[in-house]
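In: pasting the structure only:
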């Protein structure tokens, strides 16, 4: 099964967020080098670095929003994989122009691939609560194109389109 190029980049970002979460002393330059080694394509490497560095820059604010949305859950109680999928998804949802349906679909795929049996529904529920009202309102308008994806966001053959 083939995967989109950006999905692969998000997988690498998740792995780097996880690494930094569990090994806080790992330096940013070392992480940048690992991203470049995993993603030799310069465009993908820059995309991944932007997601990683953005998620790290906004991490305190993202963590606060995630904890507020995750009723009865603290970040420290969450599985490290789920916590970092949520950080990546929250960053893309709140700080980028990536269509929210793409963000949530990508986060669900990462949670299912790298997390536990309940990770997908857990991540979906929290990201849904984090969806800004203006993005939710735009999605509810049937006359408006909900999102226009770039070629790299289009599903590969055999993949489902973002929900």
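Out: The structure has been received and is ready for your questions. As the structure is a computational prediction, the values presented were derived from the model and not from experiment. Numbers count the residues shown, from 1 in each chain.
In: just checking, residue 88 touches residue 56?
Out: No. Counting by CB atoms under 8 Å, residue 88 sits too far from residue 56 to count as a contact (10.6 Å). All C-beta spots, glycine's among them, are computed from the backbone N, C-alpha and C.
In: between these two, which one's more packed in?
Out: residue 88 (25 against 17; other CB atoms under 10 Å).
In: the helices in the chain, which residues?
Out: Ranges of helices in the chain, per DSSP state H, are 5-22, 28-38, 42-57, 59-69, 80-95, 100-114, 119-130, 133-140.
In: Show me what counts as buried in the last one.
Out: With burial defined by 16 or more other CB atoms under 10 Å, the residues of helix 133-140 counted as buried are residue 135.
In: Sort out which residues of stretch 126-133 are buried, please.
Out: Those would be 126, 127, 130, 131, for stretch 126-133 by 16+ other CB under 10 Å.
In: circling back to that earlier point, shared neighbours of residue 88 and residue 56, which are they?
Out: Contact criterion CB atoms under 8 Å, 6 or more residues apart in numbering; residues shared by residue 88 and residue 56: residue 17.
In: what stretches of the protein score poorly on pLDDT?
Out: 1-3, 139-163 (pLDDT under 70).
In: Just flag the most distant two among the buried residues of stretch 126-133.
Out: The span of the buried residues of stretch 126-133, defined through CB to CB, is set by 126 and 131 at 10.2 Å.
In: Now do the phi/psi pair for residue 98.
Out: Here is the backbone geometry of residue 98 (degrees, to the nearest 10): phi -60, psi 130.
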